[in-house]
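Enquirer: Next come a sequence and a model predicted from it.
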Amino acid sequence: MNSFEETGKGLPETESILLLHVVYTIAAGKREEFYNKLRDFGIIEKSRQENGNFQYDYYFPADNENDILLVELWSGVPAQKNHLSTAHYQELQALKREYVVHVEIGKYTARKMA
């Protein structure tokens, strides 16, 4: 995985970096189980290894025991769209149907700085 400082390297001037901020609300008492399945199924590691992925990390908010935050950083929209067609993304969708009761997505783009 590349560091945030490296994300702009190698990008054409016309491309932008894509940041996704996804908050999943998990069924009560199931957050750890959901996260453990993500890890055990290899969804996290496989996503991190995709071309164009710079960050794919889950965080547990300190003030909410049912939410989990996913931060994704991609080299651009095409890389993230390719992610949506992977087998591990389909596994994630199945887990979401089983555990997730609500999703909020923030999507942000930034152009490469000269």
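Expert: Now that the structure is in, tell me what you want to look at.

Enquirer: for residue 18, helix, strand, or coil?
Expert: Three-state call for residue 18 (DSSP: H, G, I helix; E, B strand; the rest coil): strand.

Enquirer: I'd assumed residue 82 was in contact with it.
Expert: No. Residue 18 is beyond contact range of residue 82, at 11.8 Å (criterion: Cβ atoms under 8 Å). Every residue, glycine included, has its C-beta placed from N, CA and C.

Enquirer: who's more crowded, the two?
Expert: Neighbours per residue, other Cβ atoms under 10 Å: of residue 18 and residue 82, the larger number sits with residue 18, 21 against 15.

Enquirer: Now the nearest residue to that one once chain neighbours are set aside: phi and psi?
Expert: Among residues not flanking residue 18 along the chain, residue 74 sits closest, at 4.4 Å (Cβ to Cβ, 6 or more residues apart in numbering). With angles defined as degrees, to the nearest 10, residue 74 sits at phi -120, psi 160.

Enquirer: who does residue 74 bridge with?
Expert: On the basis of DSSP bridges, residue 74 is bridged to residue 18, residue 53.

Enquirer: Begin at 242, not 1, for the rest of this chat.
Expert: Shifting the count to begin at 242 puts that one at residue 315.

Enquirer: Now do the contacts for it.
Expert: 258, 259, 260, 261, 293, 294, 295, 321, 324 (Cβ atoms under 8 Å, 6 or more residues apart in numbering).

Enquirer: which element is the residue nearest the centre of the chain on?
Expert: Residue closest to the mean C-alpha point of the chain, counted by Cα atoms, centre = their mean, is residue 313 at 3.7 Å. Here residue 313 sits within strand 308-315, counting by DSSP states H and E.

Enquirer: Pull out the buried positions in that strand.
Expert: 308, 309, 311, 313, 314, 315 (16 or more other Cβ atoms under 10 Å).

Enquirer: Residue 273: which element?
Expert: helix 272-281.

Enquirer: same question but for residue 291, I mixed them up
Expert: Residue-wise, residue 291 maps onto no helix or strand under DSSP H and E.

Enquirer: Report the distance from the host helix or strand of residue 335 to the chain centre.
Expert: Residue 335 is part of helix 328-340 when elements are defined by DSSP H and E. Centroid separation for helix 328-340 versus its chain: 13 Å, with Cα atoms, centre = their mean, to the nearest Å.
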